[in-house]
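1. Pasting the sequence and the predicted model now:
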Amino acid sequence: MAAENIFAQVLDRVRLANDALVAAGELPAGIDQARVTVEPPRDAAHGDMATNAAMVLAKDAGKKPRELAQAIADGLAADELIEKVEVAGPGFINLTLRPAAWTEALRATIRTGAAYGKSDIGHAEPVDVEYVSANPTGPMHVGHCRGAVFGDALANLLAFTGFAVTREYYINDAGAQVDVLARSAYLRYREALGDDIGAIPEGLYPGDYLKPVGQALAAEYGRALNQKPETEWLPIVRAKAIDMMMDTIRADLAALNVRHDVFFSERSLIAGPVDEVARTLETLRQKGEVYEGRLPPPKGAPIEDWEDREQTLFRATAFGDDVDRPLKKSDGSYTYFASDIAYHKSKWDRGFHNMIDVWGADHGGYIKRMTAAVRAISDGKAALDVKIVQLVRLLRNGQPVKMSKRSGEFVTLREVTDEVGHDAVRFMMLYRKNDATLDFDLAKVIEHSRDNPVFYVQYGHARGQSIFRNARAVLPDLPAEAGSRAERLAAGPLELLTDPAETALIRKIALYPRLVEAAALAHEPHRIAFYLYELASEFHALYTKGNDSPHLRFIIQNDPTMTVARLALVEGVVTVLASGLMLLGVDAPDEMR
């Protein structure tokens, strides 16, 4: 854990107190302290931190929780960090730290700078984060946007906490939908040659985005494709259309500041040197996890929609699913699920024991079977966490936004990004838990007001930088370079920061490393967005308080010593705001324009 993490420091003190009880024979040797935690109490009146040590160790110790809590509390009472220890309820231990502990926490924040909050809890463990994975049949819409931002911010968060992250995009280029794409692009090819194609037939993609594909095909092949039967032109057109669609998707993602390390083709599983789907299914068959059998009709489905036939099935029920799952269609081709099993087997083969998939709201029913498959292919050694991102309702001044002219069906990700900027898109897509529906109002996200969280947080960083610029009237020798300025401020008289609003802000800053670790382990980047808004709000409130109480201003004309202490607090705020915004993929501006 990072040395500047005050919660980690206190946890170490609690464990040392427990070790002392082991040495005294009060606790058994080798007792497992892995479940011992130190957290902020729910009620601030109970102190600065609380530990569950006695609650989780009492059973192994053969003691009552309160009895053990008192013994641990006695050991902590003399610690130099701790001012007061109280045993509460069934055996919780509440801790109040000495003021100097918080002062030193702020000093550590400033000296650590951009690395503040960084940790190695991941121990370089490989993690595959697969996100977006939109079908390459057209431009991405605003729903894809949410998954893209969520996955990218989660990858940032995991990398910051010491995991070896691979960002992956699975290209669904092997299903029937890409043949529909090819036929749609072929119509645009004929259109580019001057043919009258009439109205786009039902079932094909009508958007104007395929016109450049048709023009590129016409430029490359002239009328040659027109002379070929579909069996010959379809694979040519399909490959061109997919390549151009993926180029568009990559460019749209880059405009959102999203980039992937790996683009994995579904078609490569089947069309490569080896049929990886067949090989994966054979491996599972040899273990008795794939078999030939019949499925009962699904509950609640019309009987005429169900086909009673012998088919190839995955024994998903052996791994926690509700029913066994088909792997081949009636025509002998693989189901999507069969390809998905082989794809996740490739992740396992590439060394990923930890997999995270980010899926859209319509895939919730697919989680159980995929989780079962990952257990099967890894003999239970791999973990799959599927994060569902719910729908986005796109509004303008509270009214639904109409369809896009470009796509013909929906508003594209690029249109939204171009209109409001990637900062507003990214922050607001994360300013709600991923599994809750999100209202995204194009008018609200560009307002310069407290009601617009992205503005309010960025303004906090810009306000801090403005304070530094203005402070040179009192401190003309304040270094302009951030690193030198931080070192000067860290050496200042931080013990002068005693106003309750100042100490509350210091505590909020000190919470950041623990919050980052918790968000990373829970796979919940929205926690960072919520925290940044709270931190910015407290900072702005303290700034405003200085208007009514001049002695609380950050810059005091006739008191350079107090000004240095207050600037150190500002340094802590901007350090954390910049770090958190970086994790979200959002800029931290020095001034608002």
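-> Perfect, thanks for sending it.

2. measure the residue nearest in space to the middle of the chain to residue 378 for me?
-> Residue closest to the mean C-alpha point of the chain, counted by CA atoms, centre = their mean, is residue 154 at 2.3 Å. Distance, residue 154 to residue 378, by CB to CB, to the nearest Å: 21 Å. Glycine gets a C-beta too; all of them are placed from N, C-alpha and C.

3. Hmm, the residue nearest to the centre of the chain is touching residue 525, no?
-> Yes. Applying CB atoms under 8 Å as the test, residue 154 and residue 525 come out as touching, 5.1 Å apart.

4. now the residue of the chain positioned farthest from its centre: how far from residue 221?
-> The C-alpha centroid of the chain is most remote from residue 227, which lies 49.5 Å away (CA atoms, centre = their mean). When distance is defined by CB to CB, residue 227 is 10 Å away from residue 221.

5. and if you look at residue 508?
-> 62 Å.

6. Could you do residue 59 as well?
-> With distances taken as CB to CB, residue 59 is found 75 Å from residue 221.

7. is it true that residue 384 touches residue 370?
-> Yes. Taking CB under 8 Å as the definition, residue 384 is a contact partner of residue 370 at 6.5 Å.

8. More neighbours: which of these two?
-> residue 370 (23 against 20; other CB atoms under 10 Å).

9. Quick check: which element contains that one?
-> If you go by DSSP states H and E, residue 370 is part of helix 367-377.

10. How far off centre is that helix?
-> Centroid separation for helix 367-377 versus its chain: 22 Å, with CA atoms, centre = their mean, to the nearest Å.

11. other SSEs contacting it?
-> The helices and strands touching helix 367-377, judged by 3 or more CB pairs under 8 Å, 6 or more residues apart in numbering; DSSP states H and E, are helix 276-286, strand 311-314, helix 336-349, strand 354-360, strand 383-389.

12. next one: the helix or strand containing residue 165 to chain centre, how far?
-> Residue 165 belongs to strand 164-171 when assigned by DSSP H and E. On the basis of CA atoms, centre = their mean, strand 164-171 is displaced by 13 Å from the centre of the chain it belongs to.

13. Please apply the same query to stretch 376-393.
-> Here stretch 376-393 is found 14 Å from its chain centre; the criterion is CA atoms, centre = their mean.

14. just to revisit the earlier point, can you list residues touching both of residue 384 and residue 370?
-> 344, 357 (CB atoms under 8 Å, 6 or more residues apart in numbering).

15. I'd like to know how far the residue nearest to the centre of the chain sits from residue 172.
-> Plainly put, residue 154 is 21 Å away from residue 172 if you go by CB to CB.

16. Of residue 59 and residue 221, give the one with the bigger neighbour count.
-> residue 221 (18 against 10).

17. Relative to residue 173, how far out is that one?
-> According to CB to CB, residue 221 stands 21 Å off from residue 173.

18. List phi and psi for residue 265.
-> Backbone torsions for residue 265, taken as degrees, to the nearest 10, come to phi -90, psi 130.

19. Can we start the residue count at 404 from this point?
-> Okay, using 404 as the starting number, the last item reads as residue 668.

20. count of residues packed around it?
-> 19.

21. is it true that it touches residue 574?
-> Yes. Between residue 668 and residue 574 there is a contact at 4.9 Å, judged by CB under 8 Å.

22. Spell out, range by range, the strands that occur in the stretch 604-753 of the chain.
-> For the stretch 604-753 of the chain, the strands defined by DSSP state E, counting those that start in this stretch cover 665-668, 693-696, 714-717, 728-729.

23. Same list, the ones you listed, but as CSV with mean pLDDT please.
-> Listed next are these as CSV, based on pLDDT from 0 to 100:
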stretch, mean pLDDT
strand 665-668, 98
strand 693-696, 96
strand 714-717, 96
strand 728-729, 96
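
24. what's the closest of those to residue 755?
-> Set against residue 755 and scored by CB to CB, those come closest in strand 665-668, at 11.0 Å.

25. Check the offset of that closest one from the chain's centre.
-> On the basis of CA atoms, centre = their mean, strand 665-668 sits 20 Å off its chain's mean C-alpha point.

26. got the phi/psi numbers for the nearest residue to residue 593 once chain neighbours are set aside?
-> Computed as CB to CB, 6 or more residues apart in numbering, the closest residue to residue 593 that is not its neighbour in sequence is residue 600, at 5.6 Å. For residue 600, the backbone dihedrals (degrees, to the nearest 10) come out as phi -90, psi -10.

27. Pull the number of nearby residues for residue 600.
-> Residue 600 has 15 neighbouring residues, counting by other CB under 10 Å.

28. So it sits against residue 594, correct?
-> Yes. Using CB under 8 Å, residue 600 is in contact with residue 594, at 4.9 Å.

29. All the helices of the stretch 504-653 of the chain, in order from the start?
-> Chain-ordered helices for the stretch 504-653 of the chain, with DSSP state H, counting those that start in this stretch as the definition, fall at 545-563, 579-595, 614-624, 633-658.

30. Looking at those helices, spot the one closest to residue 696.
-> Among the helices of the stretch 504-653 of the chain, the nearest to residue 696 by CB to CB is helix 579-595 (25.8 Å).

31. neighbouring contacts of the closest one?
-> For helix 579-595, the external contacting residues (CB under 8 Å, 6+ apart) are 538-541, 575, 600, 603, 606-609, 613-614, 616-618, 620-621, 624, 628-629, 636-638, 640-641, 643-645, 648.

32. Equivalent analysis for stretch 771-781, please.
-> Against stretch 771-781 from outside (CB under 8 Å, 6+ apart): 683, 686-687, 690, 692, 717-719, 721-725, 728, 740, 743-744, 747-748, 751, 756, 758, 760, 785-787, 789.

33. Show the average pLDDT along that stretch.
-> What stretch 771-781 shows for mean pLDDT is 98.

34. go on, stretch 564-576?
-> Across stretch 564-576, the average pLDDT comes to 97.

35. And stretch 597-607, how far out from the chain middle?
-> Its chain's C-alpha centre and that of stretch 597-607 lie 41 Å apart, by CA atoms, centre = their mean.

36. Can you give me the end-to-end span of it?
-> By CA to CA, to the nearest Å, the extent of stretch 597-607 from end to end equals 20 Å.
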